[in-house]
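Visitor: A predicted structure for the sequence below; I have some questions about it.
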Amino acid sequence: MRQLKGFSFLMKAVQAGTLALAVCFSLGATDSSSRLNDLGHRLMCQCGCAQLLGECDHAGCPSREGELNELKAAIAAGKTDQQIKDSFVAKYGAVVLAAPTAHGFDLVAWIAPFAVFGAALLGTILLVRRWANRPEGRTQAAGGPDLATLDPAEQARREKIRRETDTGNDGGF
């Protein structure tokens, strides 16, 4: 019986927490200043500074105030976020968007980094597997080809080089 009371209390606490979280996220969702902040971070300043419109901070920016006033007027007029972005794209071009759209050729900007990473990963895996599956006869290290298959002149030349470069048993140190 005591466990049921504890479980009931826990369920009520979870429900209250969920309700509080929902209220916190919904507060200010329609506030014009939060929309201005959100849209200001989805659009680029057109002065050439390559900063977001909401964060353009260079002194004497000729574009920032005009664009922000245009954005405020569109929000006050009751336009949706998509309508506002569309009007900015119509006026300034697609470069005004902080992120490329997710359709058409712009989709390549989203897919290409993951595709390149996947191809590099696949190539690395295949290369490592190829190295690991090499036959033992082909993986002779610094020894080179089998000395028994070399002609006598080549064997003599190798033996002479070995004698001339031999520094003893200290490994050359």
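Guide: Received it, and whenever you're ready, just let me know what you need. Numbers count the residues shown, from 1 in each chain.

Visitor: for the spatially closest residue to residue 62 that is not a sequence neighbour, helix, strand, or coil?
Guide: Using CB to CB, 6 or more residues apart in numbering and skipping residues adjacent in sequence, the residue nearest residue 62 is residue 47, 5.7 Å away. For the C-beta atoms, the positions are set from N, CA and C on the backbone; glycine is no exception. Counting by DSSP: H, G, I helix; E, B strand; the rest coil, the backbone at residue 47 sits in coil.

Visitor: and the closest residue to residue 42 other than its chain neighbours, what pLDDT?
Guide: Excluding the flanking residues, the one nearest residue 42 by CB to CB, 6+ apart is residue 98, at 5.2 Å. Reading off the confidence values, residue 98 has pLDDT 87.

Visitor: so how far is residue 154 from residue 98?
Guide: 67 Å (CB to CB, to the nearest Å).

Visitor: between these two, who's got more neighbours?
Guide: Using other CB atoms under 10 Å, the more surrounded residue of residue 98 and residue 154 is residue 98, with 16 against 12.

Visitor: how about low-confidence regions in this protein?
Guide: Along the chain, segments meeting pLDDT under 70 span 1-7, 20-32, 136-148, 167-173.

Visitor: so which strand or helix has the one residue sitting closest to the centre of it?
Guide: Nearest to the geometric centre of the chain sits residue 113, at 7.2 Å (CA atoms, centre = their mean). For residue 113, the element it lies in under DSSP states H and E is helix 107-132.

Visitor: what helices or strands is that helix leaning on?
Guide: Contact here means 3 or more CB pairs under 8 Å, 6 or more residues apart in numbering; DSSP states H and E; on that basis helix 107-132 packs against no helix or strand.

Visitor: toward the C-terminus, what is the element adjacent to that helix?
Guide: helix 152-165.

Visitor: what packs against that following helix?
Guide: Counting by 3+ CB pairs under 8 Å, 6+ apart, helix 152-165 packs on no helix or strand.

Visitor: quick check: the residue lying closest to residue 72 once chain neighbours are set aside vs residue 84, distance?
Guide: Spatially, and ignoring its direct neighbours in sequence, residue 72 is nearest to residue 36 (6.2 Å; CB to CB, 6+ apart). Here the criterion is CB to CB. By it, residue 36 lies 10 Å from residue 84.

Visitor: what do the two both touch?
Guide: 71, 75 (CB atoms under 8 Å, 6 or more residues apart in numbering).
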